[in-house]
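Trainee: Structure of the sequence below:
(one chain, ligands or ions: 1)
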Amino acid sequence: MSNCRLCGKERQLKKSHILPEWTYTTIYSKKGIFRPVSLNDSVLGKSEQKGYRERLLCKDCELLFSKYERYAKDFFYSIINNKYKNIERITLSSELFILKGFNYDLVKLCLLSILWRMSICSLDFFDGYKIYNEEEIRKILLNKIHTSKKYIPIVMSKLTINESPMDSLIMPFKEHVIINGVERKRIIFLGIVIDYFMTSSYFDGMIDMFCIQENGSLLISKQNMFEWENYESIREKLMTENIIKFHNDNS
Ligand SMILES: [Zn+2]
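Mentor: Numbering: from 1, shown residues only. This is a model prediction of the structure:
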C-alpha cells in the first residue's frame, strides 16, 4: 500500500501508463514490443513492452484518467487517420488543416494528465519533463477543473519527413527551448508534435491562434522535420539502419 499520487489516499497502486497505451499502438510490432527514439541516449532506445509504466495511481484514479484517454484517443486518431468520429476535419491547404467539434475539456485534461505523469514519474525516459506546478495540475486533474486556453496553451503539429507522415514516432526531449521567457515543453507521440507552453498568462498571437481552442477547434500545421534547425542530428538518428529496418519490419 502506498499513497496514490493523484488522490493521496493510501491504496494498492496500479502500474500506470505515463503515455496512454494507444500512443504505442502504431509502433507495436507483432511481438508486442516497440523501440522508442531518443535523441539523448543511445541511437535506438531499447525494446520496451507494454509502454512506460510506474506504480502511481489507485484504481479509481486510473479510471478517471482512462475516461480522459478514451475520448482523446479518437481525437488523436483523427489527426493521423482519415477516420473521424464526430470530429470534423477541414483541409485549409496542403500544410494546414483544422479539427472541429471536439470536447475541449476532455482533450485538455488528457494532455495535462500526460504532462503531469511525465513530471511525477521517475523513469529516465522522461527526465526532461519536471514542471514547477505539479500540485496545481494535480488538483485540476482530480477535480476535472476547466482551464482557459491560456492556461498552459497547447499547440500541435503533424510531423512529416518530406511528404511522409511519421505516425509511429515517439520522441522525448531532455532539454526544452525558452521562447520570450516561456518554456516550451515538447514531446512527440503518434508522430504528432505536442508543445506545452508553460505559462498561464503569456499572450502571443501565434500561440493564441494555434493552441487548442475552448470552442473545440484546433488548427494543425504540418512540420517537415528536415526543416528543423537541428534536423541534422535528428535525421542522423532516424536514418540509422536499425531504425529503418525496425520500421520496415513493422509496417
Ligand atoms: Zn487515487
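Trainee: Pull out the buried positions in stretch 178-185.
Mentor: Buried residues in stretch 178-185, counted by 16 or more other Cβ atoms under 10 Å: R184, K185. Heads up, the C-betas are built off the backbone N, CA and C, glycines and all.
Trainee: likewise stretch 93-107?
Mentor: Those would be F97, L99, F102, Y104, D105, L106, V107, for stretch 93-107 by 16+ other Cβ under 10 Å.
Trainee: And for the fifth one, nearest residue in space, chain neighbours not counted?
Mentor: Distances taken as Cβ to Cβ, 6 or more residues apart in numbering place H146 nearest to D105, at 5.6 Å, with adjacent residues excluded.
Trainee: sorry, back to before: which one of the buried residues of stretch 93-107 is nearest to E214?
Mentor: Y104 (5.1 Å; Cβ to Cβ).
Trainee: Double-check the closest one against L218; I have them as touching.
Mentor: No. Using Cβ atoms under 8 Å, Y104 is not in contact with L218; the gap is 9.0 Å.
Trainee: Now do the shared contacts for those two.
Mentor: Residues touching both Y104 and L218 by Cβ atoms under 8 Å, 6 or more residues apart in numbering: I212.
Trainee: what stretches of the stretch 1-150 of the chain score poorly on pLDDT?
Mentor: 25-50, 82-84 (pLDDT under 70).
Trainee: which bits of it sit near the ion?
Mentor: Taking Cβ under 5 Å from the ion as the contact definition, the stretch 1-150 of the chain meets the ion at C4, L6, C7, C58, C61.
Trainee: now, which of these lie within helices?
Mentor: The helices, defined by DSSP state H, take in C61 from these.
Trainee: Can you flag the buried ones in the residues of the stretch 1-150 of the chain next to the ion?
Mentor: C4, L6, C58, C61.
Trainee: Now do the contacts for the residue of the stretch 151-251 of the chain found nearest the ion.
Mentor: Going by Cβ to the ion, the ion is nearest to I152 of the stretch 151-251 of the chain, at 22.3 Å. Residues near I152 by Cβ under 8 Å, 6+ apart: L112, L115, Y196, F197, M198, T199, S200.
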